[in-house]
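# got a predicted structure here, sequence first:
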Amino acid sequence: MSERLISLRNVTKTFGSGPTAFQALKGVDLDIDRGDFVAVMGPSGSGKSTTMNILGCLDVPTSGDFLFKGHHVERLDRDQRALLRRRYLGFVFQGFNLLARTTALENVELPLLYRGEDKTARHKAGMAALDKVGLADWWDHTPAELSGGQQQRVAIARAIVTSPDVLLADEPTGNLDSERSVEIMKLLTELNQTGITVLMVTHEAEMADFARTIIHFKDGLVERIEGHHRPALVGAA
Ligand code: ADP
Ligand code: MG
């Protein structure tokens, strides 16, 4: 039995206005079930990041419906969207986006600081998240002292420290070599198996192979959706 977590219905996104207006999304329809591991693929400029930013409540559609757990996100105001984002979503970016001169643990604790959690709770959850990505021993190292793969692991720990329902990752392995990329994919697979719905943008078929569903974008539209028909691990347990 699958539970629908996210739906986009005829979502468009236009950047700018007047003669320079550009329609990046032209009517996107997609559904994502809880527990899925989705890879988003497609040529550069096809609308992958625009879609991820909308799904991540970092941006809003120009028109169309965005349903999260059956609620119309496009009807929420900015503050309500921010709450939804903090409560249910975790983000990983291609460039890691860690604070320099700040330890791995402090980076991971940051979302909890924004939530107003006290130091003891932050420390405990931060260390648990670092442990999940295999970096507990590196908690006091700054990003400059970590490899690219380790930095991305810290970024993933920061994304999961709030126990989100969904992990959104836009080209998380874009700056990594193939060996490090596969390690990150294995980590995302493990997290998916613990119950987190994973949505990831990737250019590489080898990385998309780790996903259960592949959504192909072309020219601002979903071109086709491929299912690997792997049994859903979540919900079966
Ligand atoms: P992808 O992630 O698939 O490479 P994007 O979603 O980033 O593509 O971009 C889709 C299209 O929208 C591109 O043509 C891009 O130039 C344009 N675009 C994206 N963001 C903006 C923006 N903030 N302002 C104007 N155009 C944008
Ligand atoms: Mg992109």
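Yep, that arrived. Ligands and ions are numbered 1, 2, ... in the order given.
# looking at it, V201 is touching A208, isn't it?
No. Between V201 and A208 there is no contact under CB atoms under 8 Å: 9.6 Å. For the C-beta atoms, the positions are set from N, CA and C on the backbone; glycine is no exception.
# what do the two both touch?
A39, M41 (CB atoms under 8 Å, 6 or more residues apart in numbering).
# quick one: secondary structure of the spatially most central residue of the chain?
Among the residues of the chain, L168 comes closest to the average C-alpha position under CA atoms, centre = their mean, at 0.6 Å. Here L168 is strand, with the state taken from DSSP: H, G, I helix; E, B strand; the rest coil.
# so it is in contact with T197, correct?
No. L168 is beyond contact range of T197, at 9.4 Å (criterion: CB under 8 Å).
# mind listing what's buried in stretch 83-94?
L84, R85, Y88, L89, G90, F91, V92, F93, Q94 (16 or more other CB atoms under 10 Å).
# what's the spacing between the host helix or strand of E179 and its chain's center?
According to DSSP states H and E, E179 maps onto helix 178-193. Relative to its chain's centre, helix 178-193 lies at 13 Å (CA atoms, centre = their mean, to the nearest Å).
# returning to that earlier point: what about the residue nearest to the centre of the chain, distance to F22?
Distance of L168 to F22, computed by CB to CB, to the nearest Å: 23 Å.
# enumerate every residue touching L84.
C57, F68, V73, L76.
# name the element it belongs to?
Here L84 is covered by helix 78-88, with elements defined by DSSP H and E.
# check which element follows that helix along the chain.
Toward the C-terminus from helix 78-88 - assigned by DSSP H and E - lies strand 89-93.
# by contact count, what packs against that following strand?
helix 148-160, strand 166-170 (3 or more CB pairs under 8 Å, 6 or more residues apart in numbering; DSSP states H and E).
# closest to ligand 1 out of those?
When these are compared by CB to the nearest ligand atom, strand 166-170 sits nearest ligand 1, at 7.3 Å.
# just checking, what packs against that closest one?
helix 48-55, strand 89-93, helix 148-160, helix 178-193, strand 197-201.
# circling back: neighbour-wise, which of the contacts of L84 leads?
Using other CB atoms under 10 Å as the neighbour criterion, C57 leads the contacts of L84 with 23 neighbours.
# that one should be in a strand, yeah?
No. Assigned with three-state DSSP, C57 falls outside any strand and is coil.
# surely it meets L89?
Yes. Look at C57 against L89 with CB under 8 Å: they come within range, at 6.6 Å.
# wait, which of the helices and strands packed on strand 89-93 is closest to M185?
strand 166-170 (10.2 Å; CB to CB).
# how about TSV for the helices and strands packed on strand 89-93, with distance to L5 added?
Output for those, formatted as TSV (distance: least, CB to CB, whole Å):
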stretch	distance to L5
helix 148-160	17
strand 166-170	7
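# of all the ones you listed, which lies closest to ligand 2?
Nearest to ligand 2, of all the helices and strands packed on strand 89-93, is strand 166-170, at 6.0 Å by CB to the ion.
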